[in-house]
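1. attaching a predicted model along with its sequence, questions to come.
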Amino acid sequence: MLTYNELIELRDKLINNEIGIELAKEQCWKDFKEGQRSWHSKDWKERRLKIIKEKCQICNSKETLTLQHLSHPKKYNEYLRVITRNYTNQYINSNSEIDKTEFRNHVLSDYEYIPIPLCPNCNSKNPSERVRKMPKYRCTDCKHEFDEANYRSASELISIFFEDEDAYEVRDKCFVSKDKWKNRHNLSNIKYWFQRNKAKDKDAESIEKKAFLLYLNDNIKYLSFEDTITACRKCASNYDLHRMELCPKCKEFYKGIQYPTCIQCLPEEKRKEVEEQIEFGKQWREMEKRLGID
Ligand SMILES: [Zn+2]
Ligand SMILES: [Zn+2]
Ligand SMILES: [Zn+2]
């Protein structure tokens, strides 16, 4: 795992095009083991010592202080998904027309088509199928009974789709992708993924680079301890730390986002009240400990 400074260096090289995206990823992840954490490194421990405050930023206590992160880095793949979605939307906005022949071939060769039975009299979908009675089908709309349903071909559906993408006939998810995902799609879904692939092919490198820079920034921020809070063990386990923010008045202690200030910045009387409550809780817990209830 790279150190804080190495990550910054890697990010700057990538921004300045001194290194390609593939090599950057390789360098970043070469010794990366799943589950390995930054706090194993000497660099991390040294910088942590400089950042951690001498008292809890929530309650002022000096007991067993820990540095708690208020945010955690996202995975690279999460960023990749977001950036790909943005590029896809941009691509769709500027390329609303698709190559119809290519699209038709794509649907016919990469999807298995599972046609929907239609009533031969009124063309309505999904007539009820009867197990015992003959004839096999009965149309729920026109009540016509029949043995042989009508089916539209995939090609026919695609032609209808080209005329009107929202047509009633083409809304069903009757196409199953032949890849390992076996996704059930309708033609609109297929069109979206078709265009998404176009966008990806066109800008593969910029997409990966953008996503990877966001990922690097996230990790640099995490290792910088920028979004951290020094908390005693009690506060670290009692409080929902993700719902804390720096007190706007003193900019030293933390407060729950639902409160206007931290305990220390409350008006004198109110503060005493809260501190007494905390003190009372402490004594109560010590008593329980002595009595062995804890
Ligand atoms: Zn505390
Ligand atoms: Zn019918
Ligand atoms: Zn305050």
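-> Sure thing, it's come through. Numbers count the residues shown, from 1 in each chain. Ligands and ions are numbered 1, 2, ... in the order given.

2. the nearest residue to residue 60 once chain neighbours are set aside: neighbour count?
-> Spatial nearest neighbour of residue 60, chain neighbours left out: residue 264 (6.9 Å); criterion: Cβ to Cβ, 6 or more residues apart in numbering. Every C-beta, even on glycine, is put in place using the N, C-alpha and C of the backbone. Using other Cβ atoms under 10 Å, residue 264 has 18 other residues around it.

3. most centrally placed residue in the chain?
-> Averaging the C-alpha coordinates of the chain gives a centre point, and the residue nearest to it by Cα atoms, centre = their mean is residue 78 (5.2 Å).

4. is the residue nearest to residue 60 in a helix, a strand, or coil?
-> At residue 264 the chain is in coil, as set by DSSP: H, G, I helix; E, B strand; the rest coil.

5. give me the phi and psi for it.
-> Dihedral angles of residue 264 (phi, psi; degrees, to the nearest 10) stand at phi -60, psi -30.

6. for it, give its distance to ligand 3.
-> As for residue 264, its distance to ligand 3 is 5 Å (criterion: Cβ to the ion, to the nearest Å).

7. that residue against residue 271, yeah?
-> Yes: with contact defined as Cβ atoms under 8 Å, residue 264 and residue 271 form a contacting pair (7.0 Å).

8. how about the helices in the stretch 1-150 of the chain?
-> Listed in chain order, the helices found in the stretch 1-150 of the chain under DSSP state H, counting those that start in this stretch are 4-15, 21-29, 42-51, 76-94, 100-110.

9. can you tell which of these is closest to ligand 1?
-> Counting by Cβ to the ion, ligand 1 lies closest to helix 42-51 out of the helices of the stretch 1-150 of the chain; the figure is 16.8 Å.

10. spell out which residues of the chain are next to ligand 2.
-> When proximity is defined by Cβ under 5 Å from the ion, the chain lies next to ligand 2 at 119, 121, 122, 124, 139, 141, 142, 144.

11. which residues touch the second one?
-> Contacts here follow Cβ atoms under 8 Å, 6 or more residues apart in numbering; on that basis residue 121 touches 139, 142, 144, 146.

12. ok, the fifth one next?
-> When contacts are counted by Cβ under 8 Å, 6+ apart, residue 139 touches 119, 121, 122, 124, 127, 145, 146.

13. what's the neighbour count on the closest residue in space to residue 58 that isn't next to it in sequence?
-> Nearest residue to residue 58 in three dimensions, chain neighbours excluded: residue 235, at 4.3 Å (Cβ to Cβ, 6+ apart). Taking other Cβ under 10 Å as the criterion, the count of residues near residue 235 is 23.

14. what residues does the stretch 151-294 of the chain put near ligand 3?
-> Taking Cβ under 5 Å from the ion as the criterion, the neighbours of ligand 3 within the stretch 151-294 of the chain are 247, 249, 250, 253, 261, 262, 265.

15. again, only this time at 6 Å
-> Near ligand 3, the residues belonging to the stretch 151-294 of the chain are 247, 249, 250, 253, 261, 262, 264, 265 when assessed by Cβ under 6 Å from the ion.

16. confidence-wise, which of the residues you listed comes last?
-> The member of those with the lowest pLDDT is residue 264, at 83.

17. can you tell me how far that one is from ligand 2?
-> According to Cβ to the ion, residue 264 stands 76 Å off from ligand 2.

18. so who does that residue touch?
-> With contact set as Cβ under 8 Å, 6+ apart, residue 264 has these partners: 60, 247, 250, 252, 253, 271.

19. same for the top helix by length along the chain, what does it pack against?
-> Ordering each helix of the chain by length in residues (DSSP state H) puts helix 187-224 first. Helix 187-224 sits against helix 4-15, helix 21-29, helix 76-94, helix 100-110, helix 154-163, with contacts defined as 3 or more Cβ pairs under 8 Å, 6 or more residues apart in numbering; DSSP states H and E.

20. which stretches of the stretch 1-150 of the chain have low pLDDT?
-> The model of the stretch 1-150 of the chain has pLDDT under 70 over residues 32-40.

21. how does it look with 50?
-> Across the stretch 1-150 of the chain, no stretch falls below the confidence threshold (pLDDT under 50).

22. show me what from it comes close to ligand 1.
-> Contacts of the stretch 1-150 of the chain with ligand 1, taken as Cβ under 6 Å from the ion, map to 56, 58, 59, 61.

23. measure the second one to residue 249 for me?
-> Distance of residue 58 to residue 249, given as Cβ to Cβ, to the nearest Å: 15 Å.
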